[in-house]
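A.B. asks: Task: produce atomic coordinates for the following.
(one chain, ligands or ions: 1)
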Amino acid sequence: MSTAPEIPNLMEAIVSLSKRRGFVFPSSDIYGGFNGFFDYGPLGVELKKNIRDCWWNDMVRRREDIVGLESSIIMHPKVWQASGHVAGFTDPLVDCKASKQRYRADQLFFSAVEVVNPEDNSKQIIGYVSALESENTAGDLQDKAESMKRKKAVRGNLVTITPRDMTEAKPEEIALIPSPATGEPGSLTEPRAFNMMFETHVGALRDESSVSYLRPETAQGMFVDFKNVVDTGRVKIPFGIAQIGKSFRNEITPRNFIFRSREFEQMEMEYFIHEDADWAKSHREWINWCKSWLISIGLPESHLTEYNHPQEKLAFYSKGTTDIMFKYPFGVQELWGIAARGNYDLTQHANASGVPHFIFDEATKKRYIPHVIEPAVGVDRIFLAVLCGGYAEEDVTDEKGNVEKRTVLRFNPRIAPVKVAVLPLLKNKPELVQRALDIYTRLKRRYAVFYDEGGAIGRRYRRQDEIGTPWCITIDFDTIEKDGTFTLRERDSMQQRRITEAELFALLEEAVY
Ligand code: ATP
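C.D. replies: Predicted coordinates for the structure are as follows:
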């Protein structure tokens, strides 16, 4: 049996399955697609909705201390000035003047190619090499350096490559670094700040005064409505405000399928704590919560790690940020960021709006601005993680001894787009079909189920395996003539046993919550 990490071209397999079975399509596909935008097909919307629902249930409904919010996507431009996004929500951009390609400077790596002369130990730089960030950036640069040395027929030993990104390039180096598009030096520009917010105009006038932004994160909605939520009287410190919704970033290099897109969906929660509370403890509790939650929807624990942002790279107001990383086929990447943001955001909005944002402490009779812990995650990144973590290709042997390949998505039943497929053994037997349709109708009231009567039963099982359906039930003559039981076939073990309808409902009740 081979499992996900060993499958070569896993991303290709996932992109192709996503399109073929209706999980994800490129946006505007018939017009050639639109870079950085995607559509979710019939199965994709179900999977995405299940991810959102699980998060909402666990984060909001099943807790006493967190309430929900849905703020508008376009907010007053002053929000984004106060939050710092207008001035600072930028990525460093490098242009290639020859090819008109654009790169994120922190994702474009380079190195001088240095050779040591064995006779006198003198060092000589024979050129520069560059490579786009990949799982093996250092290796790519090393290969290019070796090929440069061969081409230039230089004698001596190469100094081991230590990649630097373009934000670290000295001005005199920039002209010497080859563009990844052309392979030639001389066309790359110095990095400059590129604001990632999408601008639009609100109202009939199109001038400076009407410029507004599509939100680049949902979080500011929670800060701006903080006072409104507190005034409803439903919450007491510590408490959280949660929101799920679309965010938009004009990413310079959208890539890796839905991992980095320009329109995406976030699930964010702002957890407000007392200014004197132990923020590090709360931060740790939220990291643990997020990790357990990811495991509860089926992500393999072995693929999850933590990355602590180094102190010197944090914003001045930030006390600490930890990312939960997932091992995607293209490398270990950020899935969920958990940030301790102090009271920066509320303070900024209080100052900019002139509306006080205090909480009154009954014990000390003092007012204070609460601090916040923010777990922020992208739905699309979870979606991709469950596809990557659940995908497997296996050799299976049928009753006749034939070996064939099966593709299976091992979705946890909580998020599986289809929970049960109902299959009458034969489609030309009206009594089987009728009984199957009866059960299907009863299941459909509560669960996403699928009815399929076409083709050999083995083939129908495979079709369900490929879309991650945890169970199939087959209605046969015993169902009608004997005890009403049917065959339950389990996706992962492929084992079959007979159960009653009541037992099936009990099984679903336990597994789908
Ligand atoms: P990155 O460093 O990958 O650009 P970030 O640190 O800027 O991400 P945050 O601003 O912390 O991301 O956003 C919170 C979460 O939103 C991320 O952890 C990620 O899951 C998701 N996210 C951010 N940008 C994108 C994007 N362009 N496409 C899809 N999801 C995204």
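
A.B. asks: where does the chain have low pLDDT?
C.D. replies: In the predicted model, the chain carries pLDDT under 70 at residues 1-6.

A.B. asks: Check the gap between Ala87 and Lys151 for me.
C.D. replies: Distance from Ala87 to Lys151, counting by CB to CB, to the nearest Å: 46 Å. Where you see a C-beta, it was placed from the backbone N, CA and C, and this is true even at glycine.

A.B. asks: same deal with Arg462?
C.D. replies: 51 Å.

A.B. asks: between the two, who's got more neighbours?
C.D. replies: Arg462 (17 against 10; other CB atoms under 10 Å).

A.B. asks: doesn't Arg406 make contact with that one?
C.D. replies: Yes - in this structure, Arg462 is within contact of Arg406 by CB atoms under 8 Å, at 5.6 Å.

A.B. asks: Get me the contact residues on the stretch 351-500 of the chain for the ligand.
C.D. replies: Ala376, Val377, Gly378, Asp380, Arg381 (CB under 6 Å from any ligand atom).

A.B. asks: which among those gets closest to the ligand?
C.D. replies: Closest approach to the ligand among those (CB to the nearest ligand atom): Gly378, at 2.9 Å.

A.B. asks: Touching, that closest one and Phe264? I think so.
C.D. replies: Yes - the criterion here is CB under 8 Å, and Gly378 meets it with Phe264 at 5.4 Å.

A.B. asks: buried sites along the longest helix anywhere in the chain?
C.D. replies: Across the chain, the longest stretch assigned as helix under DSSP state H is helix 279-296. Residues Trp279, Ser282, His283, Arg284, Trp286, Ile287, Trp289, Cys290, Lys291, Trp293, Leu294 are the ones in helix 279-296 that count as buried (16 or more other CB atoms under 10 Å).

A.B. asks: can you check stretch 27-44 too?
C.D. replies: By neighbour count on 16+ other CB under 10 Å, the buried set for stretch 27-44 is Ser27, Gly36, Phe38, Tyr40, Gly41, Leu43, Gly44.

A.B. asks: got a list of what Val15 touches?
C.D. replies: Val24, Phe257 (CB atoms under 8 Å, 6 or more residues apart in numbering).

A.B. asks: How is it assigned, secondary-structure-wise?
C.D. replies: Under DSSP: H, G, I helix; E, B strand; the rest coil, Val15 falls in the helix class.

A.B. asks: now it: how far from Gly32?
C.D. replies: From Val15 to Gly32 the distance is 16 Å (CB to CB).

A.B. asks: Restricted to strands, list the buried residues of stretch 27-44.
C.D. replies: Phe38, Tyr40 (DSSP state E).

A.B. asks: Mind telling me the two of the buried residues of stretch 27-44 farthest from one another?
C.D. replies: The largest distance within the buried residues of stretch 27-44, taken as CB to CB, falls between Gly36 and Leu43 and amounts to 22.1 Å.

A.B. asks: check contacts around the residue of the stretch 401-513 of the chain found nearest the ligand.
C.D. replies: The minimum distance from the stretch 401-513 of the chain to the ligand, using CB to the nearest ligand atom, falls at Ile415 (16.6 Å). Contact analysis of Ile415 by CB under 8 Å, 6+ apart lists Leu47, Asn50, Ile51, Cys54, Ile297, Gly298, Val386.

A.B. asks: and if you look at Tyr461?
C.D. replies: Taking CB under 8 Å, 6+ apart as the test, what Tyr461 contacts is Cys472, Arg489, Met494.

A.B. asks: Can you spell out the domain ranges of the chain, please?
C.D. replies: Using automatic domain parsing, the domain parsing of the chain gives 10-88+198-387, 90-194, 418-512.

A.B. asks: so how far is the shortest one off the chain centroid?
C.D. replies: Read it as domain 418-512. Put simply, domain 418-512 sits 32 Å off its chain's centre (CA atoms, centre = their mean, to the nearest Å).

A.B. asks: Name the surrounding residues that touch the longest helix of the chain.
C.D. replies: With contacts defined as CB under 8 Å, 6+ apart, helix 279-296 is touched by 54-55, 58-59, 238, 271, 273, 301, 304, 306, 319-320, 322, 324, 335-336, 338, 340, 342, 371, 373, 375, 377, 382, 385, 412, 414.

A.B. asks: Please name every helix or strand in contact with the following helix or strand past it.
C.D. replies: Next in sequence after helix 279-296, counting helices and strands by DSSP states H and E, comes strand 304-308. Other helices and strands packing on strand 304-308, by 3 or more CB pairs under 8 Å, 6 or more residues apart in numbering; DSSP states H and E, are helix 279-296, strand 320-328, strand 331-342.

A.B. asks: Please identify which of those is closest to the ligand.
C.D. replies: Here strand 331-342 is closest among the helices and strands packed on strand 304-308 (CB to the nearest ligand atom), at 3.8 Å.

A.B. asks: Show me which residues of the stretch 201-350 of the chain are close to the ligand?
C.D. replies: Applying CB under 6 Å from any ligand atom, we find that the stretch 201-350 of the chain lies next to the ligand at Glu217, Arg249, Glu251, Arg260, Ser261, Phe264, Gln266, Glu334, Leu335, Trp336, Gly337.

A.B. asks: who does the one helix or strand Met269 maps to pair up with?
C.D. replies: Taking DSSP H and E as the definition, one finds Met269 inside strand 263-273. When pairing is defined by DSSP bridges, strand 263-273 lines up against strand 239-248 (antiparallel), strand 371-378 (antiparallel).

A.B. asks: Columns distance to Glu135 and mean neighbour count on top of these, output as JSON lines?
C.D. replies: Formatted as JSON lines, the strands paired with strand 263-273 follow (distance: least, CB to CB, whole Å; neighbours: other CB atoms under 10 Å):
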{"stretch": "strand 239-248", "distance to Glu135": "27", "mean neighbour count": "20"}
{"stretch": "strand 371-378", "distance to Glu135": "21", "mean neighbour count": "24"}
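
A.B. asks: Looking at those, which is nearest to Val230?
C.D. replies: strand 239-248 (8.8 Å).

A.B. asks: From Leu304, how far out is the residue nearest to the spatial centre of the chain?
C.D. replies: By CA atoms, centre = their mean, the mean C-alpha position of the chain lies nearest to Arg381, the distance being 1.0 Å. According to CB to CB, Arg381 stands 13 Å off from Leu304.

A.B. asks: Now for those two: what residues contact both?
C.D. replies: Phe326, Leu335.

A.B. asks: dump the residue contacts of the closest residue to Met59 other than its chain neighbours.
C.D. replies: Once flanking residues are discounted, Met59 sits nearest to Ala242: 5.3 Å by CB to CB, 6 or more residues apart in numbering. For Ala242, the contact set (CB under 8 Å, 6+ apart) comprises Trp56, Met59, Val60, Ile66, Val67, Gly68, Leu69, Met222, Met267, Glu268, Met269, Glu270.

A.B. asks: again, only this time at 10 Å
C.D. replies: By CB atoms under 10 Å, 6 or more residues apart in numbering, Ala242 lies in contact with 55-56, 59-60, 63, 66-69, 218, 222, 267-271, 375.

A.B. asks: Buried ones among those residues?
C.D. replies: Judged by 16+ other CB under 10 Å, buried ones among those: 55-56, 59-60, 66, 69, 218, 222, 267-271, 375.

A.B. asks: before we move on, back to that, tabulate the residues of the stretch 201-350 of the chain next to the ligand (a markdown table), appending neighbour count.
C.D. replies: Shown next, in a markdown table, are these (neighbours: other CB atoms under 10 Å):
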| residue | neighbour count |
| --- | --- |
| Glu217 | 19 |
| Arg249 | 22 |
| Glu251 | 18 |
| Arg260 | 19 |
| Ser261 | 22 |
| Phe264 | 22 |
| Gln266 | 20 |
| Glu334 | 14 |
| Leu335 | 24 |
| Trp336 | 24 |
| Gly337 | 18 |
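
A.B. asks: What is the nearest of the contacts of Tyr461 to Lys19?
C.D. replies: Cys472 (23.9 Å).

A.B. asks: Can you report how many residues neighbour that closest one?
C.D. replies: Cys472, neighbours per other CB under 10 Å, totals 25.
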